[in-house]
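>>> Take this sequence and fold it.
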Amino acid sequence: MAAHKLKALLQQLPNDLDDPATAVGLINVTGHGYLLGYGDAVPEDGASGWGKGCIFIHTDASTLDTTTYTNIGDTSSANFDAQVNS
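Got it, this is the predicted structure:
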């Protein structure tokens with residue numbers, strides 16, 4: 001598979017999150033929510049559907065320290081914190 005087609009293929013995956021235009025969930029584990037996602041905007045605190053420990057890749061980040069986030073909340077109320085690169 002050519003890498004240039006990856007984004008289009010990922011966008012075809014099922015996504016039942018609050019705002020699929022800005023955030024896409026990729027791996028949904030029954031009972032745990034999405035464990036991997038990406039998008040132009042990090043999900044807001046309190047967003048539902050994102051599993052505890054979910055890794056979110058911010059594709060529109062302005063610095064290296066704002067590219068990867070981890071949900072320290074739970075499936076019913078997310079709380080994504082940036083993973084600072086040192």
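>>> tell me which element residue 57 is part of?
For residue 57, the element it lies in under DSSP states H and E is strand 50-58.
>>> Give me the most central residue, the protein.
For the chain, residue 37 is the residue whose C-alpha lies nearest the centre (C-alpha atoms, centre = their mean; 2.7 Å).
>>> Could you check which helix or strand contains residue 62?
Assigned by DSSP H and E, residue 62 belongs to neither a helix nor a strand.
>>> what about residue 81, distance to residue 70?
Computed as C-beta to C-beta, to the nearest Å, the residue 81 to residue 70 distance reads 6 Å. All C-beta atoms are positioned from the backbone trio N, CA, C, and that covers glycine.
>>> Give me the more crowded residue out of these two.
residue 70 (15 against 12; other C-beta atoms under 10 Å).
>>> measure the more buried one to residue 51 for me?
Applying C-beta to C-beta, the value for residue 70 to residue 51 is 11 Å.
>>> Same question for residue 30.
Counting by C-beta to C-beta - residue 30 and residue 51 are separated by 10 Å.
>>> Kindly report the same for residue 45.
Residue 45 is 15 Å from residue 51, by C-beta to C-beta.
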